[in-house]
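# Pasting the sequence and the predicted coordinates here, then a few questions.
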Amino acid sequence: MTTVPLIEARDLTIRFGKVKALDDLDLTAPAGKVLAILGPNGAGKTTFVRAVSTLLRPTGGTLQVLGKDVSREPVAVRRDIGLAGQSAAVEPTMTGRENLEMTARLFGHPRDGARRAASIVIERLSLGDVADRRCSTYSGGQRRRLDLGASLVGAPRLLLLDEPTTGLDPISRREVWDSVRDLVAAGTDVLLTTHYLDEANELADHVIVIDHGHTVAAGTLSDLKASSGRDVIEVAVNDPSQLEAVGHILERVTSNPPRLDHNGRRASAPTAGGAKDLAIVIRTLDDTSVMVDEIGVRRPTLDEVFLTLTNAYVQNGSSR
Amino acid sequence: MIQTVTRPIAPATAMSATLVVARRALLKFVRTPALVGMGIVQSALFLFSFRYVFGGAIHAGASTYVAYLVPGYVATIVLFTGGGIAVAVADDRVEGFTDRLLSLPIPRYSIVMGRALADFATNAWAIVATAAFGFLFGFRLGGSIPDGLAALGLCLVFGLVFTVVFIVIGLLAPNAQAAQGMSMIAFVLAFMSSTYVPAGTMPGWLQPFAKYQPVTPMVDAVRAVLLGSTSDVGLALAWSALLLIVFTPFAVLLYRRS
């Protein structure tokens, strides 16, 4: 097994005029994992992917992809990567097969090798039914999968997916996810950016949260949940009018502001005390007339972790 | 059993990358009927207008206006149809196709070469079709057939030169609409030259520009070659070489940072 990290950024800075899209970004991504770069819009995700795919040169710092420096050996990096950007870059007047063969030739396959690579990718992505139709007739999901395929015909070591499912309907999203999972099972390393937490949850084993061009947190999903996420006490009630009362109890016990979800009839609050706090909440609720449907301590959702991390960064940033 | 794609042994050569890029641009052109047809219809309608609408009021020295107009019109037709090149280049960037190419292990200049090669072919189509309309509207060769072919060759060379200029315009434009708008500058270059009327009939302050900008010697060279002379050919080819030497590396540079 190789010990070279998939991606290693040190003080990576990319400036557009006065704006710093990436600001002294540090991150190390282990090889052999699916890495998700998570962050709100404008956090620098796309800039980072463009830097990794050698489309943007770092203004400062270093960036290595599979041990190769993007500024010094961009050509070597390009041989190792396959990029599927935000917009599906397929040629609509050509068929799916023609598109794949074209990209395969540009990766360096000879004519017959390109044909073979295209056929394999078509089969693997289940595009056989539409492969010989012009791409202008494809659905959004089919185009996106073909675009994914185009980045695969060169058998890259690292597949870069920039928001691979943005703008797709739920069924198409599932299709793209399934394709990505198949690729991972076949041994391709994947870096994807997303602002969908469920997407990171579905696909990634290693997550890096960036915001305002900085790394805010990094680790496995459960690491992240454990580190920034305190456990959450959640109470589901029968009568939504009693949510306020439950919220007050949660706040008194945990000393944290509760979150009230009127539609779901749920109140929740983070807790440092875990089971002990839960016991107090249960006892307190017992003395009231609140009809409890469900109660428990749970791990925070990725959404809660994400909001905590990015908010914490905003607050720290503005107080400096 | 799932087969796996093997890694290519070596990266694509510049030649094969150029041909693959060119093939895709050509296929896109050929398979978009509006692109193939509209440019030709437009150029025929303009030629018709100049020949039959304005032509009667324009006196171009000793020759008839149709004999004066058609060589200039064919030589500069790319200045009108070339907007399509700029639009296609801008579209490729906006739609992510350029990013895809730039992320592949191919030389940057093969992207420009492939683009230029494909557009050279589409230009040739526009030039030949426009020349055919010229004959239909009453133009006749004043010299021999080899002279006529030499003039056509010159038109193709100028077409290539302007292709590279339009690629640069497409790369400088933020989107396709802007590329279309910026391409209008080329119209002005054609109008302020000896293409439609002799530069000597323009006001004195405009004449230096009209005489010394590159389009005038190009157009004059085509007219001369048609009559078996070589006057202005050297100057026109020198301009062509200069424009290619300046704009080709500029295009490669712009691709690199787009």
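Arrived safely, thanks for sending.
# Need the pLDDT of residue B:258.
Note for residue B:258: predicted pLDDT of 55.
# residues near residue 143, how many?
If you meant another chain, say so; for now it's chain A. 23 (other CB atoms under 10 Å in any protein chain shown). Using the backbone N, CA and C atoms, a C-beta is placed for each residue, glycine as well.
# um, chain B though
Residue B:143: 15 neighbours (other CB under 10 Å).
# Quick check: nearest residue in space to it, chain neighbours excluded?
Spatial nearest neighbour of residue B:143, excluding adjacent residues (CB to CB, 6 or more residues apart in numbering or on different chains): residue B:228 at 4.6 Å.
# do residue A:167 as well
residue A:140 (6.7 Å).
# just residue A:4 next, same as before
residue A:67 (4.1 Å).
# List the residues that contact the residue in chain A that chain B sits nearest to.
Closest to chain B within chain A is residue A:108: 3.4 Å, counting by CB to the nearest CB. Contacts for residue A:108 (CB atoms under 8 Å, 6 or more residues apart in numbering or on different chains) come out as A:79, A:154, B:8-12, B:105.
# I'd like those laid out as TSV, including secondary structure.
Shown next, in TSV, are those (DSSP: H, G, I helix; E, B strand; the rest coil):
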residue	secondary structure
A:79	helix
A:154	coil
B:8	coil
B:9	coil
B:10	coil
B:11	coil
B:12	coil
B:105	coil
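# want to throw these into TSV with neighbour count, pLDDT and distance to residue B:210?
Formatted as TSV, those follow (neighbours: other CB atoms under 10 Å in any protein chain shown; pLDDT from 0 to 100; distance: CB to CB, whole Å):
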residue	neighbour count	pLDDT	distance to residue B:210
A:79	19	92	51
A:154	29	91	52
B:8	22	90	53
B:9	9	89	56
B:10	10	90	52
B:11	20	91	48
B:12	25	93	45
B:105	22	93	47
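# What strand or helix carries residue A:268?
strand A:266-270 (DSSP states H and E).
# now that strand, how far from the chain's geometric center?
Distance of strand A:266-270 from the chain centroid (CA atoms, centre = their mean, to the nearest Å) equals 26 Å.
# which other helices and strands contact that strand?
In terms of contacts (3 or more CB pairs under 8 Å, 6 or more residues apart in numbering or on different chains; DSSP states H and E), strand A:266-270 is packed against strand A:232-237, helix A:243-254, strand A:259-261.
# what residue ranges in the chain are flagged as low confidence?
Chain wasn't specified; assuming chain A. A:1-2, A:227-229, A:311-320 (pLDDT under 70).
# wrong one, I was asking about chain B
Residue ranges of chain B with pLDDT under 70: B:1-2, B:257-258.
# Would you mind listing the residues in contact with the residue in it that chain A sits nearest to?
Nearest to chain A, among the residues of chain B, is residue B:8, at 3.4 Å (CB to the nearest CB). Residues in contact with residue B:8, defined by CB under 8 Å, 6+ apart, are A:104, A:107-109, A:113, A:154-155.
# Now with 7 Å, please.
Neighbour list for residue B:8: A:107-109, A:113, A:154 [criterion: CB atoms under 7 Å, 6 or more residues apart in numbering or on different chains].
# Phi, psi for the spatially closest residue to it that is not a sequence neighbour please.
Excluding the flanking residues, the one nearest residue B:8 by CB to CB, 6+ apart is residue A:108, at 3.4 Å. Backbone geometry at residue A:108, expressed as degrees, to the nearest 10, gives phi 120, psi 0.
# Spell out the residue ranges of the strands in the stretch 201-320 of chain A.
In the stretch 201-320 of chain A, the strands defined using DSSP state E, counting those that start in this stretch lie at A:206-211, A:214-220, A:232-237, A:259-261, A:266-270, A:292-298.
# The ones you listed into CSV, with extra columns for mean neighbour count?
Output for the strands of the stretch 201-320 of chain A, formatted as CSV (neighbours: other CB atoms under 10 Å in any protein chain shown):
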stretch, mean neighbour count
strand A:206-211, 24
strand A:214-220, 19
strand A:232-237, 22
strand A:259-261, 15
strand A:266-270, 22
strand A:292-298, 13
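# buried ones in stretch A:8-24?
Buried residues in stretch A:8-24, counted by 16 or more other CB atoms under 10 Å in any protein chain shown: A:8-9, A:12-14, A:20-23.
# ditto for stretch B:57-64
Neighbour-count burial for stretch B:57-64 [16+ other CB under 10 Å]: residue B:60.
# Ok, stretch A:51-67 next?
Those would be A:51-56, A:58, A:61, A:63-67, for stretch A:51-67 by 16+ other CB under 10 Å.
# Sitting in strands, which of these do you find?
Residues of those located in strands (DSSP state E): A:61, A:63-65.
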